[in-house]
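Enquirer: take this sequence and fold it.
(one chain, ligands or ions: 1)
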Amino acid sequence: MKIYFCGSIRGGRADARLYEHIVETLGKFGKVLTEHVGDGQLSHTGEESDDRAIHDRDLEWLRQADAVVAEVTQPSLGVGYELGHAYLMRKRTLCLFRPSSGRKLSAMIRGAADGERMVVTDYAGQDDVDAILEHFFPATPH
Ligand SMILES: O=c1[nH]c(=O)n([C@H]2C[C@H](O)[C@@H](COP(=O)(O)O)O2)cc1CO
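Expert: Numbers count the residues shown, from 1 in each chain. Modelled structure (predicted):
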């Protein structure tokens with residue numbers, strides 16, 4: 001199971017520690033292609049690499065992915081772009097949103113959910129992540 005994790009980078013790194021926890025937990029279900037998104041050392045300027053190289057690599061990883069998981073509380077153009085591609089590629093996708101942030105999730109994300117291929121789950125925080133992921137990923141060996 002290859003998993004593509006999306007989280008804000010240039011959109012702001014306020015939730016970076018939460019991303020780190022999600023990436024670590026996702027490791028129980030498969031191989032996370034985008035581990036760097038959960039790297040606490042990665043700043044809001046992003047990776048050192050050339051922007052086109054980042055873009056092309058990430059779209060290729062997205063093509064390879066069996067599932068997509070996104071933390072969507074911190075708004076990010078890149079995450080929105082990835083989710084649009086994932087949707088058109090018909091990838092099974094889980095979006096995690098924290099209403100306690102005081103934000104209201106974009107209609108273009110919540111409005112795309114069908115509860116099957118594209119799932120949006122509201123949650124309180126880190127302690128809920130395990131149970132949500134266990135519910136999303138089928139209990140088959142990988
Ligand atoms: O350095 C990067 N590396 C990278 O993989 N990304 C991808 C993965 C993230 O899920 C998403 C974050 O987009 P943004 O930087 O617009 O917040 O884009 C984005 C950047 C910087 O834009």
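
Enquirer: only C-alpha atoms for contact and neighbour calcs from this point on.
Expert: OK.

Enquirer: so which residue is dead centre in the protein?
Expert: residue 70 (1.9 Å; C-alpha atoms, centre = their mean).

Enquirer: you'd agree it is in a helix?
Expert: No - counting by DSSP: H, G, I helix; E, B strand; the rest coil, residue 70 is not found in a helix; it is strand.

Enquirer: tell me the contacts of it?
Expert: Residues near residue 70 by C-alpha atoms under 8 Å, 6 or more residues apart in numbering: 5-7, 79, 93-96.

Enquirer: how far away is it from residue 82?
Expert: Look at residue 70 and residue 82: by C-alpha to C-alpha, to the nearest Å, they are 9 Å apart.

Enquirer: what of residue 41?
Expert: Noted for residue 41: a distance of 22 Å to residue 82, by C-alpha to C-alpha.

Enquirer: surely residue 39 touches residue 21?
Expert: No - in terms of C-alpha atoms under 8 Å, residue 39 does not count as a neighbour of residue 21; the distance is 9.9 Å.
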